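Q: I'd like to go over a predicted model; first the sequence, then the structure.
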Amino acid sequence: MNSKKFVEELTKLNIEVNQDKLDKLNLYFEKLIEYNKHTNLTRITEKNEVYLKHFYDSLTIVKAIKLDDQTLLDVGTGAGFPGVVLKIFLPNLKITLLDSLNKRIIFLKELVSLLGLKDVEIVHERAEEFVKKNREKYDIVTSRAVANLRVLSELCLPFVKTNGYFIPLKADATEEINESKRTISILGGFLENIVDFKLPQDAGTRMIIKIKKVSSTNVKYPRKFNEIKKKPL
């Protein structure tokens with residue numbers, strides 16, 4: 001996806017694009033590739049592929065929800081997808097980036113400083129630990145291709161305010177969604193909508209899963225990660 005096509009596709013998503021945002025995104029790409037030479041952050045390194053499969057893909061969450069000045073937690077953010085990309089194009093968002101690997105946290109701190117982004121909290125902690133002081137705090141929680149939906153739901157839904165949303169970004173997850181309906185319900189969620197579409201240039205199927213938090217999550221969730229993984233709800 002070249003720059004012209006990228007701008008065209010963002011216009012279709014009703015995302016405002018200006019030169020400052022594009023310049024920040026180019027800096028992001030350059031920093032990602034430079035850092036990736038010594039620390040593995042992504043297997044995708046060709047520029048057009050990064051713009052399509054990381055940058056554009058991150059922004060497709062707006063197909064499911066209108067974003068403005070909400071608080072948004074990105075669980076397992078990795079190299080900042082989708083959280084940092086969202087912050088560049090939707091600067092009123094108050095973003096928290098959560099990851100358990102320090103090598104990623106170091107990269108994110110350098111990146112956020114380089115880009116001059118404000119209202120970005122970067123946290124080096126496991127989700128099941130961070131939730132202890134941040135339960136039902138966020139308007140929106142998202143996560144991009146981190147884990148099976150049953151596992152991810154138990155890690156993420158406890159962070160979501162009642163009437164807020166958990167919105168994971170997935171490839172084709174039809175089977176996972178069917179298996180996760182009971183789990184989502186136990187955790188106080190309701191599967192409100194699934195937005196499925198194909199990326200431009202035949203780059204694959206995507207699903208954006210919109211889960212509304214309709215009641216508080218029992219405080220016994222999330223369990224320890226090993227328990228969640230061994231015996232998902």
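A: All right, it came through fine.

Q: Tell me the helix or strand right after the lengthiest helix in the chain.
A: The longest helix of the chain (DSSP state H) is helix 19-36. Once the chain leaves helix 19-36, the next helix or strand it forms, by DSSP states H and E, is helix 47-50.

Q: Which residues does that following helix contact?
A: Helix 47-50 is contacted from outside by M1, N2, F29, L32, I33, T42, I44, using CB atoms under 8 Å, 6 or more residues apart in numbering. (Glycine included, C-beta is placed from N, CA and C.)

Q: go again using 10 Å as the cut-off
A: 1-3, 5-6, 25-26, 28-30, 32-33, 42-44, 56-57, 79, 81, 201, 203 (CB atoms under 10 Å, 6 or more residues apart in numbering).

Q: what residue lies at the spatial centre of this structure?
A: S143 (3.7 Å; CA atoms, centre = their mean).

Q: did I read that right, it in a strand?
A: Yes - if the criterion is DSSP: H, G, I helix; E, B strand; the rest coil, then S143 is within a strand.

Q: Pull the contacting residues for the residue nearest to it when sequence neighbours are not counted.
A: Distances taken as CB to CB, 6 or more residues apart in numbering put V75 closest to S143, at 4.3 Å, once the chain neighbours are dropped. With contact taken as CB under 10 Å, 6+ apart, V75 is in contact with 83, 96-100, 127, 130-131, 138, 141-144, 146-147, 152, 155-156, 159, 166, 168.

Q: let's see it at 7 Å
A: Neighbour list for V75: L98, A127, V141, S143, V146, L155, C156 [criterion: CB atoms under 7 Å, 6 or more residues apart in numbering].

Q: before we move on, what about T39?
A: K103, F107.

Q: Dihedrals phi and psi, it?
A: Main-chain torsions, T39, degrees, to the nearest 10: phi -140, psi 120.

Q: What are the contacting residues of stretch 164-171?
A: Contacts of stretch 164-171 with the rest of the structure, by CB under 7 Å, 6+ apart, involve 61, 64-65, 82, 138-145, 149, 152-153, 156-157, 160, 189, 204-213.

Q: Just those: which are in helices?
A: Within the contacts of stretch 164-171, residues falling in helices by DSSP H are L149, L152, S153, C156.

Q: Turn the residues you listed into TSV, columns for distance to K87.
A: Compiled in TSV, those are given as follows (distance: CB to CB, whole Å):
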residue	distance to K87
L149	25
L152	22
S153	24
C156	19
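
Q: tell me which of the residues you listed is nearest to K229?
A: Of all the ones in helices among the contacts of stretch 164-171, K229 sits closest to L152, with 11.0 Å by CB to CB.
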